[in-house]
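Visitor: This is the structure alone, sequence omitted:
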């Protein structure tokens with residue numbers, strides 16, 4: 001098992017994938033896969049990841065024989081074909097102690113093994129961390145291993161964010177609930193050399209006070225090893241925070257700094273998915289609600305000019321539900337090479353099924369443009385996952401529902 005870090009925040013992992021011809025319609029997106037059979041999984045809600053060969057990896061929240069979700073691979077079209085091929089790598093069974101309902105996506109190590117979490121199952125229905133070991137040859141199957149079971153007590157529960165590799169090769173993540181402070185935690189998970197369950201270290205337990213509470217985000221690292229993320233609640237008025245965790249100096253403890261506390265509805269409320277960092281150290285994210293209209297916001301949090309000063313939040317866009325979309329809080333924001341930001345909203349738009357949007361900066365202000373309004377069929381609805389950027393300038397995303405039949409969701413590709 002070879003654990004390596006896949007990249008630094010702000011530097012997107014751009015993988016060259018096959019791009020299908022545009023559909024002969026007004027929609028700017030190509031539907032590369034529609035979930036139609038429950039055994040193949042249903043309702044993908046987490047971001048996708050990709051390998052160097054252009055294969056996509058993700059999870060479905062439900063589906064399979066017991067309805068508890070799947071991990072899947074989607075391979076690009078072979079020569080002379082236009083069809084992507086889905087392979088189910090794992091079906092979560094009714095054996096609840098091994099985990100059920102994967103809300104989060106998966107992360108790859110350098111050997112091609114996959115790591116993820118389930119939001120339920122394990123001990124006390126608190127979720128698990130798992131590994132899918134890549135088979136040695138084409139005739140073998142992927143091997144599912146539970147690395148750690150949350151207990152819903154001091155070890156936390158409900159890990160919704162996708163895991164990330166730290167600079168030390170360990171896995172880092174968040175648990176949305178429980179812990180010694182009762183409001184979730186940031187944790188580190190390290191291998192014991194292949195002998196038994198992995199070891200969890202709690203880096204910071206939240207208590208839902210001024211420091212924040214209930215982190216459901218995916219974490220990012222900067223080049224100095226600091227961790228950045230968000231909490232859904234807590235802070236000065238209970239509306240959530242953007243935080244930084246700095247690694248220990250001479251002692252064992254990490255230090256938490258609240259970079260921004262969402263104090264009122266106008267500056268956004270309930271940041272869920274985490275933040276993206278640019279080369280200057282500015283952080284960008286979305287909130288599930290709030291903003292000047294109440295349907296969520298996109299924000300920037302900028303570091304101070306002088307060390308030790310206060311970080312500054314700027315509201316980039318307040319969503320009004322129609323036509324610009326609503327509830328963007330499940331979507332990460334990603335950059336293109338020109339510095340534009342892209343994301344999705346779960347609801348809103350002219351058809352109320354969510355939108356794909358672009359944020360562009362000019363003359364010191366940001367402007368939102370709706371690139372696609374989801375119609376339900378055939379393109380899908382409720383695009384919660386956000387986007388995966390590709391080397392050719394396109395993006396890949398998923399919809400939780402919709403599609404041509406059964407309402408099981410879709411995977412789409414768009415090149416703005």
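Guide: Right, received. Where do you want to start? Computed from a predicted model, the values in this text were never measured in an experiment.
Visitor: Enumerate the helices of the stretch 1-150 of the chain by residue range, in sequence order.
Guide: With DSSP state H, counting those that start in this stretch, there are no helices along the stretch 1-150 of the chain.
Visitor: Tell me which stretches of it form strands.
Guide: Secondary structure of the stretch 1-150 of the chain by DSSP state E, counting those that start in this stretch: the strands cover 29-34, 49-50, 56-60, 70-75, 85-91, 107-108, 114-118, 128-133, 143-149.
Visitor: swap in the stretch 251-400 of the chain?
Guide: Counting by DSSP E, counting those that start in this stretch, the stretch 251-400 of the chain has these strands, from start to end: 255-261, 275-277, 283-287, 297-302, 312-318, 334-335, 341-345, 355-362, 365-373, 387-389, 395-399.
Visitor: Can you name every helix or strand that the shortest one contacts?
Guide: In this case it means strand 334-335. Applying 3 or more Cβ pairs under 8 Å, 6 or more residues apart in numbering; DSSP states H and E, one finds that strand 334-335 contacts strand 341-345, strand 387-389. (Glycine included, C-beta is placed from N, CA and C.)
Visitor: Can you give the distance of that strand from its chain's centre?
Guide: Chain-centre distance of strand 334-335: 13 Å, with Cα atoms, centre = their mean, to the nearest Å.
Visitor: can you list the residues that contact that strand?
Guide: Residues outside strand 334-335 that contact it (Cβ atoms under 8 Å, 6 or more residues apart in numbering) are 10, 12, 276, 278, 341, 342, 343, 386, 387, 388, 389, 395.
Visitor: Just give me the neighbour total for the closest residue to residue 313 other than its chain neighbours.
Guide: In space, residue 313 comes closest to residue 260 once its chain neighbours are excluded; the distance is 4.6 Å by Cβ to Cβ, 6 or more residues apart in numbering. By the criterion of other Cβ atoms under 10 Å, residue 260 has 25 neighbours.
Visitor: In this structure residue 260 contacts residue 239, no?
Guide: No: look at residue 260 against residue 239 with Cβ atoms under 8 Å: they stay out of range, at 10.5 Å.
Visitor: on that earlier part again, could I get the strands of the stretch 251-400 of the chain as JSON lines with distance to residue 197?
Guide: Formatted as JSON lines, these follow (distance: least, Cβ to Cβ, whole Å):
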{"stretch": "strand 255-261", "distance to residue 197": "27"}
{"stretch": "strand 275-277", "distance to residue 197": "30"}
{"stretch": "strand 283-287", "distance to residue 197": "33"}
{"stretch": "strand 297-302", "distance to residue 197": "36"}
{"stretch": "strand 312-318", "distance to residue 197": "40"}
{"stretch": "strand 334-335", "distance to residue 197": "34"}
{"stretch": "strand 341-345", "distance to residue 197": "36"}
{"stretch": "strand 355-362", "distance to residue 197": "40"}
{"stretch": "strand 365-373", "distance to residue 197": "44"}
{"stretch": "strand 387-389", "distance to residue 197": "31"}
{"stretch": "strand 395-399", "distance to residue 197": "31"}
